[in-house]
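Chemist: how would this look folded up:
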Amino acid sequence: MDHEIHRVRGVRIVGDYTLEVNFADCTQQDIDFQPVMAGELYGPLLDRSLFGEVTEDPEVHTLVWPDRADFDPATLHDWPIYKEGFCKRAGQWNAVPPAAARS
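Modeler: Next up, the predicted model:
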């Protein structure tokens, strides 16, 4: 199977929860993450100080946060394709009580 491997090559905060993400193939996505900040993994990123600690992981070439939240670099690269699905899932993450999510 042949597919592209996408790598994040830079990130810059351009809004409250919006990042400019640059990729090795010289493309860029401006991504507003607020609609997907829900659940145990992404919900804590609503804390602006934590969100602001985003970095590029030099090994896997994607965005990471100190609380171990991250995104697949291919998802970031093709964000317009995945955005709607992530937003729907985020709504489900908020609707499920944490204890029920673990079972």
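Chemist: contacts, neighbours, all on C-alpha from now
Modeler: Will do.
Chemist: for Asn22, give the beta-bridge partners.
Modeler: Beta bridges link Asn22 to Gly10, Gln28, judged by DSSP bridges.
Chemist: pLDDT score for it?
Modeler: What the model reports for Asn22 is a pLDDT of 98.
Chemist: burial measure for it, as a count.
Modeler: Number of residues near Asn22 (other C-alpha atoms under 10 Å) recorded here: 19.
Chemist: so which elements touch the longest helix seen in the chain?
Modeler: If you go by DSSP state H, the chain has its longest helix at helix 79-95. With contacts defined as 3 or more C-alpha pairs under 8 Å, 6 or more residues apart in numbering; DSSP states H and E, helix 79-95 has these neighbours: helix 39-42.
Chemist: going by neighbour count, list what's buried in the helix it packs on.
Modeler: By 16 or more other C-alpha atoms under 10 Å, the buried positions in helix 39-42 come out as 39, 42.
Chemist: centre of the chain to that helix, how far?
Modeler: Relative to its chain's centre, helix 39-42 lies at 11 Å (C-alpha atoms, centre = their mean, to the nearest Å).
Chemist: so what's the spatially most central residue of the chain up against?
Modeler: By C-alpha atoms, centre = their mean, the chain has its centre lying nearest to Phe71, at 4.4 Å. Listed by C-alpha atoms under 8 Å, 6 or more residues apart in numbering, the contact set of Phe71 reads 62-64.
Chemist: what of Gln28?
Modeler: The neighbours of Gln28, taking C-alpha under 8 Å, 6+ apart as the test, are 20-22, 77.
Chemist: just those residues now: which is nearest Arg48?
Modeler: Glu20 (16.1 Å; C-alpha to C-alpha).
Chemist: export only the CA atoms of the longest helix of the chain, formatted as CSV.
Modeler: Extracted C-alpha coordinates of helix 79-95, given in CSV (Å, rounded to 0.1, in the frame of the first residue of the first chain):
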residue,chain,number,x,y,z
TRP,A,79,-7.9,18.6,8.4
PRO,A,80,-10.7,19.8,6.1
ILE,A,81,-11.5,16.1,5.3
TYR,A,82,-11.5,15.1,9.0
LYS,A,83,-12.8,18.2,10.8
GLU,A,84,-16.5,17.3,10.6
GLY,A,85,-15.9,13.8,11.9
PHE,A,86,-13.8,15.0,14.8
CYS,A,87,-16.4,17.6,15.8
LYS,A,88,-19.1,14.9,15.8
ARG,A,89,-16.9,12.6,17.9
ALA,A,90,-16.2,15.5,20.3
GLY,A,91,-19.9,15.8,20.9
GLN,A,92,-20.1,12.2,21.9
TRP,A,93,-17.0,12.5,24.2
ASN,A,94,-18.8,15.2,26.2
ALA,A,95,-22.0,13.1,26.3
